[in-house]
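Asks: Return atomic coordinates for the entry below.
(chains A and B)
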Number of protein chains: 2
Amino acid sequence: MTEELSSEQRQQLEQWLGPERFSTGRSHLELHMHDISPHSGVLPAAVLWPESTEEVAKILAWSYGQEIAVTPWGAGTSTEGNPLPTVGGLVMDMTRMNRILTVRPEDLQVDVQPGVFRKELNARLSSEGLFFPVDPGADATIGGMIANNASGVQTVKYGATKDYVQRLTVVLPDGRIIRTGCRARKSSSGYDLTRLFVGSEGTLGVVTEATVRLAGVPDCHLAVTVTFPTLEAASETVALMIGSGMDPAALELLTEEIIHLMNEEKGLGLAEQPSLFCEFHGASEAMLQETVALARELCEDCGALDFRYGIDPQQRADLWRARHEAWETIHRAHPGTRTLIVDAAVPIGSYPEMVVFARQLVREHGVAGYVFGHAGDGNLHVVLAGDPEDDVEWDKLEDINRRVVERAIELDGTCTGEHGVGIGKRRFMRLEHGDSYDVMAQIKQLLDPKGLMNPGKIFL
Amino acid sequence: MTEELSSEQRQQLEQWLGPERFSTGRSHLELHMHDISPHSGVLPAAVLWPESTEEVAKILAWSYGQEIAVTPWGAGTSTEGNPLPTVGGLVMDMTRMNRILTVRPEDLQVDVQPGVFRKELNARLSSEGLFFPVDPGADATIGGMIANNASGVQTVKYGATKDYVQRLTVVLPDGRIIRTGCRARKSSSGYDLTRLFVGSEGTLGVVTEATVRLAGVPDCHLAVTVTFPTLEAASETVALMIGSGMDPAALELLTEEIIHLMNEEKGLGLAEQPSLFCEFHGASEAMLQETVALARELCEDCGALDFRYGIDPQQRADLWRARHEAWETIHRAHPGTRTLIVDAAVPIGSYPEMVVFARQLVREHGVAGYVFGHAGDGNLHVVLAGDPEDDVEWDKLEDINRRVVERAIELDGTCTGEHGVGIGKRRFMRLEHGDSYDVMAQIKQLLDPKGLMNPGKIFL
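Replies: Now for the predicted structure:
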């Protein structure tokens, strides 16, 4: 594998792309060495910005022949070093392939290029009464979300990115262009290649176009906050609500520590108790009132201290913004630190045990750690803040991360519910997947025999 | 590849399995030559009934070494010849691996062996208030449903089999045992091998255990029948209802011809008009009444002649039984024929065009053909009845099938919405998938280099 470019190689790329879309400038290179994780990439040899499927195919066919590594890049909002170059070579920044190609309201679908940002897409769709409901918080690109199989607060009702991708145009590592899937809502036509590429983190090729499903913007939504005397009571309510068929559109667990930080920063005035933030979507106000009455009964049976709903749109927006910005809030509260984010997920019945276990670990280690998560999916986050240069402190954070992940895997869960493997979770893959990790490696070897696509990710 | 067994090979298998679970008896062999499709398999050399993952692994490792083809078998309810032996060798009948291993109500999951029948599973789950909501009509095995990515009337709300499979134990063609996926509701941990095996029709290995998700049995359900003056009006209503967020649990389109047959056979007394059969599920009667009021308004705006709901449980059961038995009803109305079932699916906005196109073709060809389908998914069935020995007639049926599929693919749809490729749809795969069909073949070659697992399926 070539890590540096020869002058001939540089000239070739510059000739194809022009100086606007090919750079070896230090600032461009450095900008593509960091996502929001504590991991660092190495300096790539160059960054380039393709503008079409054909151009991506030409570059990959050429770089495959030249044995140059290629690392695709979206918004850089990933949390496990997923798009960081690890061996030099090229960073392929997809953000100039940012066109919304065809909105198909009659099919509840849209065709997009991978560099379209999520919020921009939803802004465009709102006039159609439609939205792309996968919400990882960050303003990721659709391509990045596909690469990581992103999900978030609304996944409990609407599903993860995998549930929305109908069709992909993919350029394989050797430059072949394939189109996977179809636009029908369901199909049993051969192997599901679309699903193989979703979540493959750019290690099997580059997505250059996607057709994604959309949902109708709900006519009504209702936010609910519920406080509980204990974390156990709050987390046990989650499993019951999921089993009840109430179909919450969000079901988030927050511990008193993170609510305290949010209050401090945003003056939300929330009770600093273990809490659930829920949201319900429906076709009418009356239907939502019905649902909320059922939810209230369930929460009160579980010992809820306070059940609030019907908050006004501004409060609702503030609440969700605060939840979305939890990570930034923690950062601001611990200036100068980096964060390690635990992203384990477990079967819903094991969620209470997992949450209590994680908070206990944080307390025992005496570090800055905040437990919260997409409870309705059994997805647990612990944001651990510390100084990577302080070995003693950072080892404690790593130890918490490792022990939570190992416990999650013992409980038949996963090391990553939504952030992907990237660099940070590779060491847990064998433990989680056993011999099927070898089959993943066989597939990687099949499609990328030279190991050039996003090297150093998923596989150790 | 060996098609017949040597006497040593026969003795080896008989020694391992005993005479109860290994047969070369003509009646056993012949029973495994036909599913409900017009395709015929060839006589296998033997049928065997394994009872454990380890036994499947031992047999596959051995048969791989001996180069003997192996065709897995479930309930035999498939419609494209999916489990029929095409080259002799062994049929591996999974119906003795029929244990419900662990019901996990707290996680809304169950662990099953592949030979468990769908109806038996739901009978067992009903005491927990849970069900496995994928309903292909036939009483398939869970293993067969996984192999074909089965779906059906409730898929419009609940999803297809792919949406329910959390974890699989798979024996690969060379006898390796792997476990894919996890039991958390979501994961971004590497390549989604689970999804690769779902819908692979036993061509990549044998599923020997599965953890599937469950849904809560809805507290209330409400069936609705709506008649329309024209097929166009009925099918256009479908797309609007899907876009509306009403979330029907079933949305079936029936033409007057099939309703006529159902009335004749079952005395249902339904109006013989283009119709929608819908069902709504909810947590309370009041919520359903709300939904139905919205649905009525929409249907009436689309020109509905008659909108009936609140029918009693017996009528509701009769209605759905009649719908489920449509295929058998057609068979009985055309004794001595075989049926060719069109299973195309298209984006929902193209459904009206597709339905009208298919019925027009049937009329032009002057054959016995019935148009209906899982309209909410854009899935169109045309059941064509005829005599495969009558070349002129059968060619007409094949021509209709081909032209509907080609049109569906032009509309970015699929040749098979739910029945799988099997033998019958292989000839459309290149047209539908283009160069990505080669990637499927590469994956087949990777995991089954000798081509021994369910040969003659998916690939030509």
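Asks: hey, let's count contacts and neighbours off CA atoms from now on
Replies: Noted.
Asks: Now for the residue nearest to A:Gly245 when sequence neighbours are not counted: which residues touch it?
Replies: Once flanking residues are discounted, A:Gly245 sits nearest to B:Gly216: 6.1 Å by Cα to Cα, 6 or more residues apart in numbering or on different chains. Contacts for B:Gly216 were tallied using Cα atoms under 8 Å, 6 or more residues apart in numbering or on different chains; they are A:Gly243, A:Ser244, A:Gly245, B:Leu108, B:Gly129, B:Leu130, B:Phe131.
Asks: Distance of B:Gly216 relative to B:Asp139?
Replies: Noted for B:Gly216: a distance of 20 Å to B:Asp139, by Cα to Cα, to the nearest Å.
Asks: Just grab the bridge partners of A:Val207 for me.
Replies: Beta bridges link A:Val207 to A:Val170 when assigned by DSSP bridges.
Asks: any chance you could map the helices in the stretch 51-200 of chain A?
Replies: Assigned by DSSP state H, counting those that start in this stretch, the stretch 51-200 of chain A shows helices spanning A:53-66, A:118-125, A:142-148, A:155-158, A:193-197.
Asks: which of those helices sits most buried?
Replies: helix A:142-148 (a mean of 30; mean count of other Cα atoms under 10 Å in any protein chain shown).
Asks: The closest residue in space to A:Glu398 that isn't next to it in sequence: neighbour count?
Replies: Closest residue in space to A:Glu398, ignoring its immediate chain neighbours: A:Leu340 at 7.8 Å, by Cα to Cα, 6+ apart. Counted by other Cα atoms under 10 Å in any protein chain shown, the residues lying close to A:Leu340 total 26.
Asks: and A:Leu340, what are its phi and psi?
Replies: Torsion angles at A:Leu340 (phi, psi; degrees, to the nearest 10) stand at phi -110, psi 120.
Asks: residues contacting it?
Replies: By Cα under 8 Å, 6+ apart, the contact set of A:Leu340 is A:Ser37, A:Pro38, A:Val383, A:Leu384, A:Ala385, A:Leu397, A:Glu398, A:Asn401.
Asks: Show which residues not belonging to the helix or strand bottoming out on mean pLDDT in chain A make contact with it.
Replies: Scoring the helices and strands of chain A by mean pLDDT, DSSP states H and E places helix A:313-324 at the bottom, with a mean of 86. Helix A:313-324 is contacted by residues A:Gly137, A:Ala138, A:Ala223, A:Met262, A:Lys266, A:Leu268 when judged by Cα under 8 Å, 6+ apart.
Asks: go again using 7 Å as the cut-off
Replies: With contact meaning Cα atoms under 7 Å, 6 or more residues apart in numbering or on different chains, helix A:313-324 is reached by A:Gly137, A:Ala223, A:Met262.
Asks: The very next helix or strand once past that helix versus helix A:313-324: what angle between them?
Replies: As assigned by DSSP states H and E, the chain's next helix or strand after helix A:313-324 is helix A:326-333. Angle, helix A:326-333 to helix A:313-324, by axes from the mean of the first three to the mean of the last three Cα atoms, to 10 degrees: 70 degrees.
Asks: what's the offset of helix A:326-333 from the middle of its chain?
Replies: Using Cα atoms, centre = their mean, to the nearest Å, the distance from the centre of helix A:326-333 to the centre of the chain it belongs to is 18 Å.
Asks: thinking again about what came up before, buried subset of the contacts of A:Leu340?
Replies: A:Ser37, A:Pro38, A:Val383, A:Leu384, A:Ala385, A:Leu397, A:Asn401 (16 or more other Cα atoms under 10 Å in any protein chain shown).
Asks: Those residues in helices, which ones?
Replies: Members of the buried ones among the contacts of A:Leu340 lying in helices (criterion: DSSP state H): A:Leu397, A:Asn401.
Asks: Using JSON lines, lay out the buried ones among the contacts of A:Leu340 together with pLDDT and distance to B:Trp320.
Replies: Putting the buried ones among the contacts of A:Leu340 into JSON lines (pLDDT from 0 to 100; distance: Cα to Cα, whole Å) gives the following:
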{"residue": "A:Ser37", "pLDDT": "91", "distance to B:Trp320": "53"}
{"residue": "A:Pro38", "pLDDT": "90", "distance to B:Trp320": "56"}
{"residue": "A:Val383", "pLDDT": "96", "distance to B:Trp320": "50"}
{"residue": "A:Leu384", "pLDDT": "97", "distance to B:Trp320": "54"}
{"residue": "A:Ala385", "pLDDT": "96", "distance to B:Trp320": "57"}
{"residue": "A:Leu397", "pLDDT": "97", "distance to B:Trp320": "56"}
{"residue": "A:Asn401", "pLDDT": "97", "distance to B:Trp320": "51"}
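Asks: So which of the buried ones among the contacts of A:Leu340 belong to strands?
Replies: A:Val383, A:Leu384, A:Ala385 (DSSP state E).
Asks: if I pick the first one, what's in contact with it?
Replies: By that I understand A:Val383. Residues in contact with A:Val383, defined by Cα under 7 Å, 6+ apart, are A:Thr339, A:Leu340, A:Ile341, A:Val342, A:Gly369, A:Tyr370, A:Val371.
Asks: Distance of the residue lying closest to it once chain neighbours are set aside relative to chain B?
Replies: Excluding its sequence neighbours, the residue lying closest to A:Val383 (Cα to Cα, 6+ apart) is A:Ile341, at 4.6 Å. Separation of A:Ile341 from chain B (Cα to the nearest Cα, to the nearest Å): 14 Å.
Asks: Residues of the stretch 251-400 of chain A that sit close to chain B?
Replies: A:Ala283, A:Met287, A:Glu290, A:Ala345, A:Val346, A:Pro347, A:Ile348, A:Gly349, A:Asp377, A:Gly378 (Cα under 7 Å from any Cα of the partner chain).
Asks: The third one in helix, strand or coil?
Replies: Reducing the assignment to helix, strand or coil with DSSP: H, G, I helix; E, B strand; the rest coil, the entry for A:Glu290 is helix.
Asks: In terms of pLDDT, where does it sit?
Replies: In the predicted model, A:Glu290 carries a pLDDT score of 85.
Asks: ok, how many other residues are close to A:Pro347?
Replies: Neighbour tally, A:Pro347, other Cα under 10 Å: 26.
Asks: Can you give the domain ranges for chain A?
Replies: A:7-94, A:96-216, A:220-324, A:334-443 (automatic domain parsing).
Asks: and these, which is most packed in?
Replies: Most buried of those by mean neighbour count (mean count of other Cα under 10 Å) is domain A:96-216; its value is a mean of 23.
Asks: Can you give the distance of it from its chain's centre?
Replies: On Cα atoms, centre = their mean, the centre of domain A:96-216 falls 13 Å from that of its chain.
Asks: what about it, how long is it end to end?
Replies: Taking Cα to Cα, domain A:96-216 runs 28 Å from one end to the other.
Asks: what does the average pLDDT come to for it?
Replies: Computed over domain A:96-216, the mean pLDDT rounds to 97.
Asks: And A:Glu209, how far from A:Ala75?
Replies: According to Cα to Cα, A:Glu209 stands 16 Å off from A:Ala75.
Asks: Oh, that last question was meant for A:Arg179, not what I typed.
Replies: A:Arg179 is 24 Å from A:Ala75, by Cα to Cα.
Asks: Ok, A:Lys58 next?
Replies: 23 Å.
Asks: Can you pull the phi/psi pair for the closest residue to A:His260 other than its chain neighbours?
Replies: Computed as Cα to Cα, 6+ apart, the closest residue to A:His260 that is not its neighbour in sequence is A:Glu272, at 5.9 Å. Note on A:Glu272: backbone dihedrals following degrees, to the nearest 10 are phi -90, psi 70.
Asks: ok, A:Glu272 touching A:Ile259?
Replies: Yes: using Cα atoms under 7 Å, A:Glu272 is in contact with A:Ile259, at 5.8 Å.
Asks: State the mean pLDDT of stretch A:348-360.
Replies: 95.
Asks: Now do it: distance to the chain's middle.
Replies: That offset, for stretch A:348-360, works out to 21 Å (Cα atoms, centre = their mean).
Asks: All set, thanks.
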